[in-house]
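Enquirer: pasting the sequence and the predicted coordinates here, then a few questions.
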Amino acid sequence: MRIALWVSIVVFLFVPTAACAAGVLAISEVTALPRGALATSPEVTVCGTVIGMLPDDGEVIVEDAAGGIRVMVDAATTIESHTKGDDVAAGDQIEVVGRAERTGFAPSIRATHIVKLGRRPLPAPRRCDVEDFFAGGEDCRLVELEGVVQQVWQEAGRLRLEIGTQSRLFIAEIPLEVAERFQPGIGQDPQSLVDSMVRVAGPAMSVCNVRGEILRPWLRVDRAEWFSVLSADVATIGSVVPIDEIGRLWTGAGRSHRVATFGTVVHAIPGRTVYLQNGHRGVTVSLGAGAAGTGERFVAGDHVEVAGFIDRSGHVAAIRSAEVTKIGHHGSPPPLMAMPAAILGANTAAAELGAQADPGDYQGCLVQCSGYLVQSQPVTDGGVLVVRFDGVIFTAEADAATFPTLSGIEPGSFLTLTGVAAIDGDDLSRGRDATGVTKRLRLMLRGTEDVRVVRGPPWWTAARLAAFLGATGTVLTAALAWGMGLRRQLAAQKSLLASEMRSRRDAAVEYEATLRERTRLAANLHDTLQQTIGGIGYQLDACLAGESGIGLDTRQHVDVARRMVRYAESEIQGAVWAMRSLSLGGKPLAEALRDLMARVGDGHEARMTVEVVGNCDDLPEFVAGNLLLICQEAAHNALRHGKPAAIQVSLTDDRDHGTVHLRVADDGCGFVVGRQSGASAGHFGVQGMQERAERLGGKLTMTSQPGRGTVVEATVQRRDYDTHIEGEGEAPRP
């Protein structure tokens, strides 16, 4: 018998560990998986203790020494048991095999297989760091916290406690039968827990939004030992704090408990909010679950006593989860008379000086303002009146029952408005210097009686202004139409004059071009043919001298003369070809450029290469032809004067800058730029290339050094109207 007992103990203590030893991840390793890895739903295996059940969601909460996680169990999950019972319960030691998924605030596991390894007593809840708890760091772990109950209500057989700890709130959900063990009759009077100091424990859970961001933590308190009331004493409920002292410096004990104050009601929203005022200081009181359920209604003028918790989450301190008791009625209080500029100015000045507003900040007080109605704008739960006075724009908010009547007021009317003031300011959490400089004033209207029309809008309304502008616009339109007619006549006359001027300009350009080409041809003939013919004559004279017996080799002189004749013939062909207007002949520009360089290089040893970048085939023919002439002249000059071994030609179409770039580079002997022969010496090549580039709205540059070759670059502009100019300049061709 003892042997069997020891075997059971060994199996209980060591089998779970052995079963979980191979291929098992710590829960913290699963919760730390990055979002990208979770997108593929990787298969994982974890071991841990079941510390809580969520039967409505089909989930169990599993914790190990490093963390906790939700495990989803459904009909597809198989459960294998090494102990009695097939259902998973709190205290079970289990091994979970499943797929990790991104769900809500933290990853969870969708279980495919669960092995029950044994049972152990649940570990004692541990005191956790409050900051880590509210940040979600204790999610799905068994923790314990203490705090003051600020609100309590009953729902679906459970008590929901809103507990404040270190100025933060969380929810504890406790089954009613668990609470009854410590507070008999709590189901009939749950409000008796308000302001009590309690200790609660349980699995920490998180309320999240659709982004997976944690909004508020909560505890699921399922065991009697996880809930206890430490103190039911209400430390400060007997001491009354004036409204103007709420939210100020408070030392000593009891700061987490309720405070009591009193004041006069200036407005009330049944079951939700009561606005109190005392002099120039107002406070907003949110009713607790107990007070909201009583159905008691408060009206302006009621004198009430309030017990609730200070809420510092807004721009000014307020009271929440409050119980409100009526102790008298003093009649409707008169509003404070103040203009919007004065209200905002007092708050802004105090904020800039870091002082208190004098005589008060008007926040939550009943005030009366005047102004001109700019517009009425409906919203989901009512409507807004936009009002302007003395350069300040403010709004008056009305509920759904009040706004339909107010929406009929004409814009431009001068109004007197009475309502509860709300002043929006900067975020005070940004630092010491961000003292809440005000932005805008809002009035909360209580009914139609809070708006009084002093006088209607002026006669000069927007509609009448629109009619006047319409009539003025008609007159202006007629005047503009008459002016446009005169402008069209002027444009027609201008077009005729421009056409005549263009014809005369073209004639002058053609005449000047003819003179330049004739002069250039004369220079070429002088440089080549005249010298060649002189050389031929010299060789013939040498032949005659040979026949007279001088002794010269006659055949040699004849051969030289024959070569000079062929050279002269080539030069004449080149000169005639240069005079012709280069035409693409229906070829793409790239092909025409290669043909040109082949003809230029014929008979020369220099290697010719052509590179075209981009699509230049849509260039107008007169632009392409001028580029060919520039290329031809640059190549001829290189061959004639530079004696290069290679000439490289590149043509680039730059659509981003609207240009076409031509580059002719040779590796010849080079020269000093500026010292080359020019028009005065009968050499017009460089001048002609420059003029062609400039006529196309571009420029030509030339770089060279002795012994380092020469580079000629021409950049011309693309123009949208080139096609039109080319169409005008076309003429029948022979």
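Expert: Looks like it came in fine. Bear in mind the structure is a predicted one, so any value in this text is a computation, not a measurement.

Enquirer: any idea how the protein splits into domains?
Expert: 2-119, 126-231, 243-329, 336-455, 512-580, 585-729 (automatic domain parsing).

Enquirer: rank these by mean pLDDT and give me the bottom one.
Expert: Here the domains of the chain differ in mean pLDDT, and the lowest is domain 512-580 at a mean of 62.

Enquirer: wait, doesn't I94 sit right on V115?
Expert: Yes: between I94 and V115 there is a contact under C-beta atoms under 8 Å: 6.5 Å. For every residue, glycine as well, the C-beta is placed using N, CA and C.

Enquirer: which of these two has more neighbours?
Expert: Between I94 and V115, counting by other C-beta atoms under 10 Å, I94 is the more crowded of the two (25 against 19).

Enquirer: out of the domains of the chain, which is closest to A491?
Expert: A491 lies closest to domain 585-729 among the domains of the chain, at 16.6 Å (C-beta to C-beta).

Enquirer: tell me who's in contact with E180.
Expert: Listed by C-beta atoms under 8 Å, 6 or more residues apart in numbering, the contact set of E180 reads I186, G187.

Enquirer: what's the burial count for A76?
Expert: As a measure of burial, A76 has 9 neighbours, counting by other C-beta under 10 Å.

Enquirer: helix, strand, or coil at the nearest residue to it once chain neighbours are set aside?
Expert: Spatially, and ignoring its direct neighbours in sequence, A76 is nearest to T112 (6.9 Å; C-beta to C-beta, 6 or more residues apart in numbering). Assigned by DSSP: H, G, I helix; E, B strand; the rest coil, the conformation of T112 is strand.

Enquirer: likewise I171?
Expert: Assignment for I171 (three-state DSSP): strand.

Enquirer: next one: the residue lying closest to it once chain neighbours are set aside from C208, what distance?
Expert: Distance criterion C-beta to C-beta, 6+ apart; nearest residue to I171, sequence neighbours excluded, is W218 at 3.9 Å. W218 sits 11 Å away from C208, taking C-beta to C-beta, to the nearest Å as the criterion.

Enquirer: likewise for A39?
Expert: Taken as C-beta to C-beta, the span from A39 to C208 is 19 Å.

Enquirer: which of those two has more neighbours?
Expert: C208 (17 against 10).

Enquirer: ok, the more buried one - contacts?
Expert: G104, F105, I214, L215.

Enquirer: D450 versus the last one, what's the distance?
Expert: Looking back up the chat, that one is L215. Taken as C-beta to C-beta, the span from L215 to D450 is 36 Å.

Enquirer: please identify which of those two sits among more neighbours.
Expert: Each of L215 and D450 has its neighbours counted (other C-beta under 10 Å); D450 has more, 22 against 10.

Enquirer: ok, that one - contacts?
Expert: Taking C-beta under 8 Å, 6+ apart, we find D450 in contact with L417, T418, G419.

Enquirer: for the second one, give the beta-bridge partners.
Expert: Taking DSSP bridges, one finds Q368 as the beta-bridge partners of T418.

Enquirer: hey, where'd the strands end up in the stretch 301-450 of the chain?
Expert: 302-311, 318-329, 336-337, 366-379, 382-389, 392-399, 414-425, 438-444 (DSSP state E, counting those that start in this stretch).

Enquirer: for the stretch of helix or strand R70 belongs to, packing partners?
Expert: Taking DSSP states H and E as the definition, R70 sits inside strand 68-72. If you count contacts as 3 or more C-beta pairs under 8 Å, 6 or more residues apart in numbering; DSSP states H and E, strand 68-72 packs onto helix 27-31, strand 43-54, strand 59-63, strand 92-103, strand 106-119.

Enquirer: please repeat the previous calculation with a cut-off of 6 Å.
Expert: Strand 68-72 is packed against strand 59-63, strand 106-119, with contacts defined by 3 or more C-beta pairs under 6 Å, 6 or more residues apart in numbering; DSSP states H and E.

Enquirer: so which of those is the most packed in?
Expert: With neighbours taken as mean count of other C-beta atoms under 10 Å, the helices and strands packed on strand 68-72 reach their highest mean count in strand 59-63, at a mean of 24.

Enquirer: state the paired neighbours of that one in the sheet, together with their directions.
Expert: Assessed with DSSP bridges, strand 59-63 is paired to strand 43-54 (antiparallel), strand 68-72 (antiparallel).

Enquirer: contacts for it next, please.
Expert: For strand 59-63, the surrounding residues in contact (C-beta atoms under 6 Å, 6 or more residues apart in numbering) are 48-53, 69-72, 88, 140-141, 203.

Enquirer: taking strand 106-119 as reference, get the angle to that strand.
Expert: Counting by axes from the mean of the first three to the mean of the last three C-alpha atoms, to 10 degrees, strand 59-63 lies at 80 degrees to strand 106-119.

Enquirer: export strand 59-63 as PDB, just CAs?
Expert: Extracted in PDB, the C-alpha atoms of strand 59-63 (Å, rounded to 0.1, in the frame of the first residue of the first chain):
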ATOM      1  CA  GLU A  59     -11.400  29.700 -23.200                       C
ATOM      2  CA  VAL A  60      -9.100  28.700 -20.300                       C
ATOM      3  CA  ILE A  61      -6.400  30.800 -18.700                       C
ATOM      4  CA  VAL A  62      -3.000  28.900 -18.400                       C
ATOM      5  CA  GLU A  63       0.000  30.200 -16.500                       C
END
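
Enquirer: and that strand with strand 92-103, angle?
Expert: 110 degrees.

Enquirer: from the chain's centre, how far out does strand 59-63 sit?
Expert: 40 Å (C-alpha atoms, centre = their mean, to the nearest Å).

Enquirer: try stretch 667-676
Expert: Distance, stretch centre to chain centre, for stretch 667-676: 57 Å (C-alpha atoms, centre = their mean).

Enquirer: and it, what's buried?
Expert: Within stretch 667-676, the residues scored as buried using 16 or more other C-beta atoms under 10 Å are D667, G668, C669, G670, F671, Q676.

Enquirer: was I right to think the first one contacts G709?
Expert: I take that to be D667. Yes: judged on C-beta atoms under 6 Å, D667 makes contact with G709 at a distance of 4.4 Å.

Enquirer: hang on, V673 is in a helix, isn't it?
Expert: No: counting by three-state DSSP, V673 is not part of a helix but coil.

Enquirer: show me what contacts it?
Expert: Applying C-beta under 6 Å, 6+ apart, the residues contacting V673 are M702, S704.

Enquirer: for R272, see how far away it is.
Expert: Relative to R272, V673 is positioned 90 Å away (C-beta to C-beta).

Enquirer: show me what contacts the spatially closest residue to G642 that is not a sequence neighbour?
Expert: The spatially closest residue to G642, leaving aside those adjacent along the chain, is G668, at 2.4 Å (C-beta to C-beta, 6+ apart). With contacts defined as C-beta under 6 Å, 6+ apart, G668 is in contact with A638, G642, K643, P644, G709.

Enquirer: and E225, its phi and psi?
Expert: The phi and psi torsions at E225 (degrees, to the nearest 10) take the values phi -70, psi -10.

Enquirer: does the closest residue to it other than its chain neighbours belong to a helix, a strand or coil?
Expert: In space, and not counting its chain neighbours, E225 is closest to A201: 7.9 Å by C-beta to C-beta, 6+ apart. At A201 the chain is in strand, as set by three-state DSSP.

Enquirer: show me what contacts A201?
Expert: For A201, counting by C-beta under 6 Å, 6+ apart, the contacting residues are P125, E144, W226.
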